[in-house]
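A.B. asks: What follows is a protein structure lacking sequence information:
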């Protein structure tokens with residue numbers, strides 16, 4: 001590796017081949033650039049708080065604010081760019097394909113690299129694998145500072161002790177009327193720069209970078225030694241100058257965004273996630289369960305901290321709980337204090353199970369409360385983390401006459417009477433069933449009740465037969481009216497009849513529709529808790545009894561479905577007893593197949609999932 005200094009800036013070149021692509025080195029550079037920008041912004045803000053009063057007293061406030069604004073606009077996010085030497089069409093893995101065009105530069109601004117590291121490693125390695133399978137695996141990798149300024153509020157926490165004292169002093173001396181207007185001195189989040197137009201097909205991929213001048217990156221930036229770090233000899237300054245002589249149109253290559261979410265959109269959602277859930281984004285796991293009942297939270301905590309006798313393999317598994325005062329981390333066998341059991345004011349408390357075994361699934365459970373608005377809110381922000389799947393695990397009202405309390409509902413289709421996404425995803429857009437995920441729920445229920453055993457050996461099968469079937473697959477009707485029971489009775493019956501709905505709730509269709517919108521696999525696995533059309537209205541005493549019986553079983557099946565997705569299976573010994581064995585490679589194939597589901601891919605989707 002070599003380092004050179006050019007007019008106060010830096011250039012670092014590394015000659016590598018794709019077969020020796022060093023993600024760790026590239027990502028370390030991204031981290032260094034990002035951390036340098038954050039420190040620079042924090043120092044600038046500290047200086048601003050210290051000198052603001054003096055500038056106002058001297059009558060030079062306007063000049064002072066303008067200078068800080070100019071300085072803050074130079075503090076930018078890092079970016080990653082990929083430059084193919086020629087057209088590449090290869091397989092990223094057995095389920096996905098990668099297409100790179102030689103006349104394009106693929107780039108993306110990056111924020112909070114400690115949160116996004118696993119995502120970028122997976123996606124970049126997929127590109128590497130595809131190029132190795134192509135005729136010419138030559139790629140250029142570039143890292144550098146972009147032109148996208150980091151907003152003050154995404155880099156500085158005003159409650160940080162470093163700034164809090166100076167801020168309170170400035171406020172207390174001069175009063176509220178003296179409060180600085182940060183927008184005059186710093187770049188703040190601008191909603192015109194943060195949207196989902198690309199996700200919602202309002203703008204095409206090749207148009208993204210030409211509609212926002214302050215946020216764009218030019219082809220000149222990609223080839224400027226004073227602003228760029230090259231990770232491949234193909235993109236070194238000498239080779240670029242030589243190609244520029246041969247091909248003067250080199251700097252007019254098209255720019256393509258690597259992912260749906262740039263740094264601004266990602267930063268916005270990561271900060272909102274922490275606000276709503278009271279846990280840092282780095283603790284979120286790739287498989288997400290949504291619920292709206294506290295009993296599921298209690299059972300999830302019990303499951304995560306349960307320490308089976310003699311089970312040493314899982315001693316170092318972690319459970320991270322929401323907290324205002326930093327993360328609360330527990331291990332198996334430990335108990336929670338009363339203070340730890342409280343969600344400490346979180347609007348949507350999140351609980352994260354992080355296994356020590358990297359082959360086992362990490363699972364996050366979020367209590368999203370009631371209603372489609374909450375469901376849309378949390379999934380809008382969670383989408384930037386690109387989870388493997390998200391699943392609604394809650395209760396529903398049974399509609400069919402032969403249903404009984406406790407029966408499971410696996411959504412095959414949805415009636416979207418929730419209305420919260422109609423303006424971005426019209427109701428005429430079908431929300432397909434993700435069979436790659438639903439299959440594991442069917443198999444988990446079969447295993448949970450051992451329905452493949454003879455009836456004489458399995459008393460649980462008698463329960464299944466008594467209920468006709470433990471699982472009902474069908475259409476879930478999601479409404480935004482919590483008191484739908486008070487609506488016109490005949491009108492509701494007509495809608496249920498026409499839609500062939502088997503259950504009604506308030507969140508499942510929203511979670512599925514937003515999963516479809518953001519290309520994230522989804523499912524709704526519900527449990528019938530009441531049957532209002534048939535006189536079984538949910539009353540307090542009946543509900544409490546039902547929760548105690550059904551919640552643990554319901555949650556266990558959902559967790560088992562996720563474990564099966566990762567390859568967990570069971571063996572039988574000579575006596576017929578079943579024992580879990582380690583996660584198998586087949587599970588990785590199931591997971592890859594799920595994440596590459598063609599039911600979710602669009603015509604103009606980016607290179608990264």
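C.D. replies: Cool, the structure landed. Bear in mind the structure is a predicted one, so any value in this text is a computation, not a measurement. Numbering: from 1, shown residues only.

A.B. asks: What's the local residue count around residue 304?
C.D. replies: Counted with other Cβ atoms under 10 Å, residues neighbouring residue 304 total 24. In this view, the C-beta of every residue, glycine as well, is placed from N, C-alpha and C.

A.B. asks: Check what contacts stretch 290-306 and list those residues.
C.D. replies: With Cβ atoms under 8 Å, 6 or more residues apart in numbering as the test, stretch 290-306 has contacts from 289, 317, 319, 321, 330-336, 341, 349, 351, 353, 365-370, 374-375, 378, 390-395, 507, 511, 547-548, 551-552, 554-556, 559.

A.B. asks: Mind giving me the packing neighbours of the helix or strand hosting residue 128?
C.D. replies: Applying DSSP states H and E as the criterion places residue 128 in helix 113-132. Packing partners of helix 113-132 (3 or more Cβ pairs under 8 Å, 6 or more residues apart in numbering; DSSP states H and E): helix 23-57, strand 76-84, strand 88-93, strand 96-100, strand 139-149.

A.B. asks: what distance separates the start and the end of stretch 501-517?
C.D. replies: By Cα to Cα, to the nearest Å, the extent of stretch 501-517 from end to end equals 23 Å.

A.B. asks: Residue 189 belongs to a helix, doesn't it?
C.D. replies: No: read with DSSP: H, G, I helix; E, B strand; the rest coil, residue 189 is coil and lies in no helix.

A.B. asks: Just list the residues touching the residue lying closest to it once chain neighbours are set aside, thanks.
C.D. replies: Excluding the flanking residues, the one nearest residue 189 by Cβ to Cβ, 6 or more residues apart in numbering is residue 151, at 4.6 Å. Neighbour list for residue 151: 186-189, 264, 267 [criterion: Cβ under 8 Å, 6+ apart].

A.B. asks: quick revisit: of all the helices and strands packed on helix 113-132, which one is nearest residue 568?
C.D. replies: Residue 568 sits nearest to strand 88-93 of all these, at 20.8 Å, using Cβ to Cβ.

A.B. asks: Report the mean per-residue pLDDT for the closest one.
C.D. replies: Taken as a whole, strand 88-93 has a mean pLDDT of 61.

A.B. asks: before we move on, the earlier item: quick one: which of the contacts of stretch 290-306 sit in strands?
C.D. replies: For these, the ones inside strands are 289, 319, 321, 330-331, 351, 353, 365-367, 390-395, with DSSP state E as the criterion.

A.B. asks: filter the residues you listed to the buried ones?
C.D. replies: Those of those that meet the buried threshold are 289, 319, 321, 330, 351, 353, 365-367, 390-395, by 16 or more other Cβ atoms under 10 Å.

A.B. asks: Check the residues you listed and tell me the two furthest apart.
C.D. replies: Farthest pair in these (Cβ to Cβ) is 330 and 395. Separation: 27.2 Å.

A.B. asks: in the sheet, who's paired with residue 100?
C.D. replies: Bridge pairing for residue 100 (DSSP bridges) gives the partners residue 88.

A.B. asks: just residue 365 next, same as before
C.D. replies: Counting by DSSP bridges, residue 365 is bridged to residue 289, residue 351.

A.B. asks: quick revisit: wait, which of the helices and strands packed on helix 113-132 is closest to residue 564?
C.D. replies: For residue 564, the closest of the helices and strands packed on helix 113-132 is strand 88-93, at 19.9 Å, according to Cβ to Cβ.

A.B. asks: Tell me how far the residue positioned nearest the centre of the chain lies from residue 354.
C.D. replies: The chain has residue 385 as the residue nearest its centroid, 2.6 Å off, counting by Cα atoms, centre = their mean. In this view, residue 385 and residue 354 are 14 Å apart by Cβ to Cβ, to the nearest Å.

A.B. asks: From residue 338, how far off is residue 413?
C.D. replies: Residue 413 is 43 Å from residue 338, by Cβ to Cβ.

A.B. asks: before we move on, what about residue 509?
C.D. replies: Distance, residue 509 to residue 338, by Cβ to Cβ: 37 Å.

A.B. asks: Tell me which of these two has more neighbours.
C.D. replies: More crowded of residue 509 and residue 338, by other Cβ under 10 Å: residue 509, with 30 against 6.

A.B. asks: Nearest spatial neighbour of the more buried one, chain-adjacent residues omitted?
C.D. replies: Here the residue nearest residue 509, using Cβ to Cβ, 6+ apart, is residue 478, at 3.3 Å.

A.B. asks: Which pair of the ones in strands among the contacts of stretch 290-306 spans the longest distance?
C.D. replies: Greatest spatial distance among the ones in strands among the contacts of stretch 290-306 (Cβ to Cβ): 331 and 395, at 30.8 Å.

A.B. asks: List the residues that contact residue 200.
C.D. replies: By Cβ under 8 Å, 6+ apart, the contact set of residue 200 is 424-425, 517.

A.B. asks: how would you label it: helix, strand or coil?
C.D. replies: What three-state DSSP gives for residue 200 is coil.

A.B. asks: Give me the pLDDT value at it.
C.D. replies: You'll see residue 200 listed with a pLDDT of 85.

A.B. asks: what separates the most far-flung residue of the chain relative to its centre from residue 184, distance-wise?
C.D. replies: Each residue of the chain has a distance to the centre, and by Cα atoms, centre = their mean the biggest one is for residue 58: 48.6 Å. Distance of residue 58 to residue 184, computed by Cβ to Cβ: 17 Å.

A.B. asks: need the helices for the stretch 301-450 of the chain, in chain order.
C.D. replies: Remark: helices assigned in the stretch 301-450 of the chain by DSSP state H, counting those that start in this stretch are 338-341, 372-382, 435-448.

A.B. asks: which non-adjacent residue is nearest residue 328?
C.D. replies: Residue 328 sits nearest to residue 321 (Cβ to Cβ, 6+ apart), 4.2 Å away.

A.B. asks: so where's the stretch 201-350 of the chain uncertain?
C.D. replies: For the stretch 201-350 of the chain, the stretches with pLDDT under 70 are 204-254, 307-315, 343-344.

A.B. asks: ok so residue 601 is a helix residue?
C.D. replies: No: using three-state DSSP, the assignment for residue 601 is coil, not a helix.

A.B. asks: what number of residues lie near it?
C.D. replies: Residues lying near residue 601 (other Cβ under 10 Å) number 12.

A.B. asks: what residues are up against it?
C.D. replies: By Cβ under 8 Å, 6+ apart, the neighbours of residue 601 are residue 519.

A.B. asks: do residue 109 as well
C.D. replies: Going by Cβ under 8 Å, 6+ apart, residue 109 touches 77-79, 146, 148, 262-264.

A.B. asks: Give the bridge partners for it, please.
C.D. replies: residue 79.

A.B. asks: so what's residue 33 up against?
C.D. replies: Counting by Cβ under 8 Å, 6+ apart, residue 33 touches 78, 143-145.

A.B. asks: before we move on, the earlier item: which one of the helices and strands packed on helix 113-132 lies closest to residue 67?
C.D. replies: With Cβ to Cβ as the measure, helix 23-57 is the member of the helices and strands packed on helix 113-132 nearest residue 67 (9.5 Å).

A.B. asks: Show the average pLDDT along the closest one.
C.D. replies: The pLDDT scores in helix 23-57 average 86.

A.B. asks: Ok, stretch 594-609 next?
C.D. replies: Rounded mean pLDDT across stretch 594-609 is 80.

A.B. asks: so how far does it reach from one end to the other?
C.D. replies: Start-to-end, stretch 594-609 (Cα to Cα) is 12 Å.

A.B. asks: Pull the distance from that stretch to the chain's centre.
C.D. replies: With Cα atoms, centre = their mean, to the nearest Å as the basis, stretch 594-609 stands 15 Å off its chain's centre.

A.B. asks: same deal with stretch 278-295?
C.D. replies: With Cα atoms, centre = their mean as the basis, stretch 278-295 stands 11 Å off its chain's centre.
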